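Asker: okay, structure incoming, though there's no sequence with it:
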């Protein structure tokens, strides 16, 4: 059964969503992310993906107080990303209640630093963020596309011990036009030992079922919930199946 991971993206401490990583497209969905997280928890969700968009843009952790509230006032397992660039950033994230952290830009710009994190904290604590545009890795809150190809990039870090990867197809993110299932299937076929978390484009329950049928282990989604395309009650059957 595919693991369901709703997302909360943070700007100024508020729950927002962007379209294709464009900060000018910001839409506020709730002033209080804790209220959103508690609703997820009430419907049986166990895992939460939290992104510090302020941090991604500024290059340092910023919304850690919100992370702390989410971690201390829910039982959700939280993975946290956005702006994690130093050992101090990681310490703050873990001290604030993150179970796992995601590194994307740092893995591109400072690979030795990121590898040191893998070795220090282990593959259960460190997730590779592989955000891609036209199969090329993008960094700095998706504001810059690099010359590194997606699948070789993931494979390089698999060899360094990474076991979990969040892959976001930027062209799909926030568009509600369906996920890049073909791309995720290719990653799974090429790197079957990677626990792949698909992200971007999910618009309906049918999209989640499509990813599950393709053998994708987990999916992150956000805008579809906030826009009412997916109702939380529709997720209950996934939770029940996962608990059998």
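Answerer: Yep, that arrived. As the structure is a prediction and not an experimental result, all values here were calculated from the model.

Asker: just for this protein, where's the confidence low?
Answerer: Within the chain, the stretches falling below the threshold (pLDDT under 70) are 140-143, 172-176, 243-244.

Asker: mind redoing it with 90?
Answerer: 1, 17-26, 56-59, 82-83, 104-105, 133-134, 138-147, 169-178, 200-201, 235-244 (pLDDT under 90).

Asker: can you give me the helices for it?
Answerer: For the chain, the helices defined by DSSP state H occupy 33-42, 53-58, 64-73, 87-95, 105-109, 111-121, 150-158, 181-190, 205-213, 223-226, 236-243.

Asker: save those as TSV, and put in distance to residue 127 too.
Answerer: Every C-beta, even on glycine, is put in place using the N, C-alpha and C of the backbone. Below are the helices of the chain laid out as TSV (distance: least, CB to CB, whole Å):
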stretch	distance to residue 127
helix 33-42	19
helix 53-58	15
helix 64-73	15
helix 87-95	12
helix 105-109	10
helix 111-121	10
helix 150-158	10
helix 181-190	15
helix 205-213	18
helix 223-226	21
helix 236-243	20
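
Asker: closest one to residue 5 among these?
Answerer: Comparing those against residue 5 with CB to CB, the closest turns out to be helix 33-42 (9.6 Å).

Asker: mean neighbour count added to the helices of the chain, as CSV?
Answerer: As requested, the helices of the chain are exported to CSV (neighbours: other CB atoms under 10 Å):
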stretch, mean neighbour count
helix 33-42, 17
helix 53-58, 21
helix 64-73, 18
helix 87-95, 17
helix 105-109, 22
helix 111-121, 14
helix 150-158, 18
helix 181-190, 16
helix 205-213, 17
helix 223-226, 21
helix 236-243, 12
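
Asker: for the ones you listed, which one sits closest to residue 3?
Answerer: Judging the helices of the chain by CB to CB, what sits closest to residue 3 is helix 236-243, at 7.4 Å.

Asker: and that closest one, what does it pack against?
Answerer: strand 3-11 (3 or more CB pairs under 8 Å, 6 or more residues apart in numbering; DSSP states H and E).

Asker: now the angle from the strand it packs on to helix 33-42?
Answerer: Here strand 3-11 points in a direction 170 degrees away from that of helix 33-42 (axes from the mean of the first three to the mean of the last three CA atoms, to 10 degrees).

Asker: which residues sit in contact with the closest residue to residue 241 other than its chain neighbours?
Answerer: Excluding its sequence neighbours, the residue lying closest to residue 241 (CB to CB, 6 or more residues apart in numbering) is residue 1, at 4.8 Å. Contacts for residue 1 (CB atoms under 8 Å, 6 or more residues apart in numbering) come out as 212, 238, 241-242.

Asker: if we can go back for a sec, mind checking which of the helices of the chain is nearest residue 7?
Answerer: Once the helices of the chain are compared by CB to CB, helix 223-226 is nearest, at 8.6 Å.

Asker: pull the distance from the closest one to the chain's centre.
Answerer: Centre-to-centre, helix 223-226 and its host chain are 15 Å apart (CA atoms, centre = their mean, to the nearest Å).

Asker: which residues does it contact?
Answerer: Applying CB under 8 Å, 6+ apart, the contact partners of helix 223-226 are 6, 15, 17, 29, 174, 176, 202-204, 207, 229-230, 232.
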